[in-house]
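Trainee: Dropping a prediction and its sequence here:
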Amino acid sequence: MKTGLITSATYQNHDTGPGHPEQIARVSVINENFKKLNNKNILWKKPSLITDDIIKDVHDADYVDLVKKSFPSKGFSFLDGDTIISPGSREATFDAAGSIISAIDGVQNREFKNAFCNIRPPGHHCNQNKAAGFCILNNIAIGAKYLLNKYKYKKVAIVDFDVHHGNGTQDIFYENENVLFISTHQYPFYPGTGTEKEKGKFNNICNIPLPAGTNSEEYLNAFEFALKKLKEFKPEFVLVSAGFDCDFRDPLASLKLGPEDFYNITKRILETTKKFCNGKVVSILEGGYDLQALQEDTKRHVDALLEYS
C-alpha cells in the first residue's frame, strides 16, 4: 500500500506577517521537496470539508464561534500574543483540521496504509477554549475524538515529539481513559507545563521532559519509556504530533536531533505498535522553523512511514 500526504494550497493564505516564525514557507518547502522526489508510493490528497459538530466534539461551542468571528476582513488580528490571523487564515485553519479527518478516513478505507498531514496552522497548544502558541484549533485532538466517535475505537494513542509540550492536547484528554498522550519536550521551556507529575486521571498522560542540549543518544534512550507506555496501552490507532523543532538547527529551541533521529523515532513508534494497530498511523505537522531542516526531517519521517506502508 501507499502513504498518504494530505495538504492544501489554502495554507498559503494564512499570513502571519513579516518575521513570524510560523510562516507560509514552512509548508511550501516540504511540499516542493516531496514533489521533486516524486515517489510513486506517496498518494497526495486534499483535506476533508470539516463540520462544526466534529470540531465541537473537542472545542467549546462559544470558542468555535469566537474564532469564526475573529478572522479580520483585512490586515491582522491576534487570538493571543503569538497567534496572528489574517483574512486567509479561516480556510487554512479549517483545512488543517480537515486534513486529519481526510487522513483517518483514507487509512480506514484502505486508500493508503498511513499518512502525513503537511498543514498549518499547527494545533497542539490549543485547548478546549483558548488559542495559544500559533495554534487555533487542536487538529490532532479533533482526529482522536473522530476516531473514538465515528470509528468507535477504544484505545487511541497520541505521540507528540515537538520540542514544546503539547499542553492543549494534554488538557483535552487529561480525564479520558481512551486516549494515551505521550510528550517528549524540552523543559523548562514554553509553555511551562509537561512535568512527570502530570499523569492524567487514568494514568493516561506520559510526559518525558528533557533538558536543553539533549542529544540523539540521550533522546532515544529517554524515548524507550514512551515505547514502554505504548506497549502497555496497546493502541488500536496511533496519531503523531510531528514537530521538527527538536532539530539542532531550529531557531526557537535547544535540543540536538537531526534527520536520522526523526526516522528512528518514527520507525520505533511503527515497530512498537504494529501488532496492536496493524500500522494505522497518522502524523500531522506541528512545529519546526528552520526551512532546510524541515525538508530533511520530514523526508526521513515519511521514509519510515513508507517502509511500513
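Mentor: Looks like it arrived, so ask away. Numbering: from 1, shown residues only.
Trainee: remind me, longest strand of this protein?
Mentor: Across the chain, the longest stretch assigned as strand under DSSP state E is strand 179-186.
Trainee: Partner strands of that strand and their direction?
Mentor: If you go by DSSP bridges, strand 179-186 pairs up with strand 156-160 (parallel), strand 205-210 (parallel).
Trainee: so of those strands, which one's packed in deepest?
Mentor: Counting by mean count of other C-beta atoms under 10 Å, strand 156-160 has the highest mean neighbour count of those, with a mean of 27. C-beta: built from backbone N, CA, C; applies to glycine.
Trainee: Give me the contacts around it.
Mentor: 124, 140-141, 144, 147-148, 166, 169, 173, 178-185, 226, 230, 233, 235-241, 243, 269, 273, 286 (C-beta atoms under 8 Å, 6 or more residues apart in numbering).
Trainee: Report the buried members of those.
Mentor: By neighbour count, with 16 or more other C-beta atoms under 10 Å, these hold 124, 140-141, 144, 147-148, 166, 169, 173, 178-185, 226, 230, 233, 235-241, 243, 269, 273, 286 as buried.
Trainee: What are the boundaries of the helices in the protein?
Mentor: 25-37, 52-55, 61-70, 89-108, 139-149, 167-173, 216-233, 259-277, 291-307 (DSSP state H).
Trainee: Next, format those helices as TSV and append distance to Asn114 and mean pLDDT.
Mentor: TSV is the format used below for the helices of the chain (distance: least, C-beta to C-beta, whole Å; pLDDT from 0 to 100):
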stretch	distance to Asn114	mean pLDDT
helix 25-37	15	98
helix 52-55	21	98
helix 61-70	29	98
helix 89-108	6	98
helix 139-149	13	99
helix 167-173	20	99
helix 216-233	16	98
helix 259-277	8	98
helix 291-307	5	98
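Trainee: what's the closest of these to Asp247?
Mentor: helix 291-307 (4.1 Å; C-beta to C-beta).
Trainee: Report all helices and strands that that closest one contacts.
Mentor: strand 3-6, helix 25-37, strand 114-117, helix 259-277, strand 281-285 (3 or more C-beta pairs under 8 Å, 6 or more residues apart in numbering; DSSP states H and E).
Trainee: Tell me the confidence at the nearest residue to Thr184 once chain neighbours are set aside?
Mentor: The shortest distance from Thr184 to any residue other than its chain neighbours is 4.5 Å, reached at Ile208 (C-beta to C-beta, 6 or more residues apart in numbering). On pLDDT, Ile208 comes in at 98.
Trainee: which residue is nearest the middle of the protein?
Mentor: Closest residue to the average C-alpha location of the chain: Ser241 at 2.7 Å, with C-alpha atoms, centre = their mean.
Trainee: Please give me every residue in contact with Asp82.
Mentor: Counting by C-beta under 8 Å, 6+ apart, Asp82 makes contact with Ala132, Gly133, Phe134.
Trainee: Can you give me the pLDDT of it?
Mentor: So Asp82 comes in at 95 (pLDDT).
Trainee: Please apply the same query to Pro72.
Mentor: Value for Pro72, per-residue pLDDT: 98.
Trainee: From what I see, it and Ile84 are in contact.
Mentor: No. Pro72 lies out of contact with Ile84 (C-beta atoms under 8 Å); the separation is 10.1 Å.
Trainee: List the residues that contact Thr214.
Mentor: Gln186, Ala222, Leu255, Lys256.
Trainee: Sorry, wrong one. I was asking about Gly194.
Mentor: Shown in contact with Gly194 (C-beta under 8 Å, 6+ apart): His165, Gly166, Asn167, Gln170, Ser183, His185, Tyr187, Asn207, Pro209.
Trainee: Ok, Thr93 next?
Mentor: Thr93 touches His14, Val67, Ile85, Pro121, Ile136, Leu137, counting by C-beta under 8 Å, 6+ apart.
Trainee: Let's see that with 6 Å instead.
Mentor: Neighbouring residues of Thr93 by C-beta atoms under 6 Å, 6 or more residues apart in numbering: Ile136, Leu137.
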